[in-house]
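Participant: Pasted the sequence and its predicted model underneath.
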Amino acid sequence: MIIKSANTQKTTLSQFDLLGQDEAALSKAFAYLIGYDKDCYFEFLKFIGVKHKKSDLVFRQSDISTERKRTEGRTDIELKKESDYHIIIECKVNNNKLFKQRTQYLNAFEIEANQKVICFITQERDTNKQITNDVSIINTSWLEIIELYNTKKFIAKDIVKSFLNFSTRNYKMKQLKEILIQDVNTEEINRFENFNVYGRNQTFGTPLYFAPYYTRSTGKIEGISSLSKVLGILTLRPLDIDNFKSDLEGFSKNQEQVESWINGVKNGKDIPTETYTYYFLDNPLKFNKPLRKDGGIQKGRGKDWIAAQIPPNRCVSFIDFIKHIPELM
């Protein structure tokens, strides 16, 4: 690593840059930030819903550690304060998977902790919230962490500016899965059109928008006829949806919309007992003419778009989506 090049006044690197560029470096940088500045620490606790008193004494009594070895594995970051709370933070960048780790550390918490939280920070927007036993499972993204501190209150702090520069420069946080496009069956079309809800098998990671693709087999006009903003996502058993009303109210202040979402999850006489992921959507923007898949059989069709059978979690950027809009004019 070059710290300072010849014929320059001084290094432009911060203390964070010396950590490297892997995910361990990013988790250590974040741990250092919240361990260095108590305002950043309390802001993060508030963000993940941990109740506490905000005082110098609470901060002084809090323990922050990284890469702690446990029987269940090595955790990235842990926050603890006596019997008040125990938080395990797992940090990921790029496409590293989290499926095993979502349950890996459920037995690693201090028994006496009143609030037990495992928080996953990834490079994708993800608003999934679950409660397993007495452990809250929170999903968020590095972009949301950046947005949390990219405010007038925090940006004046040199330590915050250094962290934000480090994270955005090295980890390309602007790269998001923007628009999810998926084939939908008749049942999900009904749920989408009548309740602004989309249900699917359990998944993780959240796009900004959802665009359902109606296939010929549904009896509807084929193609993408609307685009909806994703206001929130929950992974749950449909039977338990009433217990998540407060989460839904966090996605929307409109009680009528919240009740519609609840009815959408319960849609059908036989409510499934398995766990599914549900996207809670805003009212859709509708197109006069549907967007279609790339046709033909030539190699490379569907690049940056869709073709044939749409794979799970197929996301495109706004730019690639908009390229197909002139076809509607």
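Facilitator: It's in. Residues are numbered from 1 along each chain as shown.
Participant: Could you find the closest non-adjacent residue to residue 165?
Facilitator: The spatial neighbour of residue 165 that comes closest, neighbours along the chain excluded (C-beta to C-beta, 6 or more residues apart in numbering), is residue 14 at 6.8 Å. For glycine as for every other residue, the C-beta is placed from the backbone atoms N, C-alpha and C.
Participant: what about that neighbour, which SS state?
Facilitator: Assigned with DSSP: H, G, I helix; E, B strand; the rest coil, residue 14 falls in the coil class.
Participant: Could you report the neighbour count for it?
Facilitator: 16 (other C-beta atoms under 10 Å).
Participant: Residue 10 now?
Facilitator: 7.
Participant: Residue 275 too?
Facilitator: Neighbours around residue 275, by other C-beta under 10 Å: 13.
Participant: thinking it is in contact with residue 200, fair?
Facilitator: No: if you go by C-beta atoms under 8 Å, residue 275 and residue 200 don't touch, sitting 11.3 Å apart.
Participant: Distance check, the residue nearest to residue 165 against residue 163.
Facilitator: From residue 14 across to residue 163, the span is 8 Å (C-beta to C-beta, to the nearest Å).
Participant: Residue 66 now?
Facilitator: 15 Å.
Participant: next one: residue 302
Facilitator: Counting by C-beta to C-beta, the gap from residue 302 to residue 163 is 39 Å.
Participant: For the residue nearest to residue 165, list the residues it contacts.
Facilitator: Shown in contact with residue 14 (C-beta atoms under 8 Å, 6 or more residues apart in numbering): 162, 165, 166.
Participant: Got the confidence number for it?
Facilitator: Here the pLDDT value assigned to residue 14 is 84.
Participant: Which helix or which strand is home to residue 187?
Facilitator: Under the criterion of DSSP states H and E, residue 187 resides in helix 186-195.
Participant: Could you list the buried residues of that helix?
Facilitator: For helix 186-195, burial by neighbour count (16 or more other C-beta atoms under 10 Å) applies to 188, 189, 191, 192, 195.
Participant: Name the surrounding residues that touch the following helix or strand past it.
Facilitator: Next in sequence after helix 186-195, counting helices and strands by DSSP H and E, comes strand 197-201. With C-beta under 8 Å, 6+ apart as the test, strand 197-201 has contacts from 182, 184, 188, 191-192, 210, 212, 261, 264-265, 267, 276-281.
Participant: 10 Å instead?
Facilitator: For strand 197-201, contacts defined as C-beta atoms under 10 Å, 6 or more residues apart in numbering pick out 180, 182, 184, 187-192, 210, 212, 228, 230, 233, 238, 260-267, 272, 274-281, 312-313.
Participant: Sort out for me which of the residues you listed are in helices.
Facilitator: 187, 188, 189, 190, 191, 192, 260, 261, 262, 263, 264, 265 (DSSP state H).
Participant: list the contacts for the nearest residue to the last one once chain neighbours are set aside?
Facilitator: Meaning residue 265. In space, and not counting its chain neighbours, residue 265 is closest to residue 241: 4.4 Å by C-beta to C-beta, 6+ apart. Contacts for residue 241 (C-beta under 10 Å, 6+ apart) come out as 234, 247, 248, 261, 262, 263, 264, 265, 266, 271, 278.
Participant: circling back to that earlier point, buried ones from the contacts of strand 197-201, can you make that a PyMOL selection?
Facilitator: Only the buried entries of those go into this PyMOL selection, using 16+ other C-beta under 10 Å:
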select buried, resi 180+182+184+188+189+191+192+210+212+228+230+233+238+260+261+262+264+265+267+276+277+278+279+280+281
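Participant: Backbone dihedrals for the residue nearest to residue 265, both of them.
Facilitator: With angles defined as degrees, to the nearest 10, residue 241 sits at phi -60, psi -30.
Participant: ok, it to residue 38 distance?
Facilitator: 38 Å.
Participant: now residue 7
Facilitator: From residue 7 to residue 38 the distance is 41 Å (C-beta to C-beta).
Participant: These two - which one has more neighbours?
Facilitator: Between residue 7 and residue 38, residue 38 has the larger neighbour count (other C-beta under 10 Å), namely 16 against 5.
Participant: And for the more buried one, nearest residue in space, chain neighbours not counted?
Facilitator: Nearest to residue 38 is residue 59, by C-beta to C-beta, 6+ apart, at 4.1 Å.
Participant: can you tell me the helix or strand for the one you found?
Facilitator: helix 56-61.
Participant: Ok, residue 79 next?
Facilitator: Judged by DSSP H and E, residue 79 forms part of strand 73-81.
Participant: ok, now residue 166?
Facilitator: helix 158-171.
Participant: correct me, but residue 21 touches residue 28?
Facilitator: No: using C-beta atoms under 10 Å, residue 21 is not in contact with residue 28; the gap is 11.9 Å.
Participant: Spit out the contact partners of residue 18.
Facilitator: Residue 18 touches 1, 3, 11, 25, 29, 166, counting by C-beta under 10 Å, 6+ apart.
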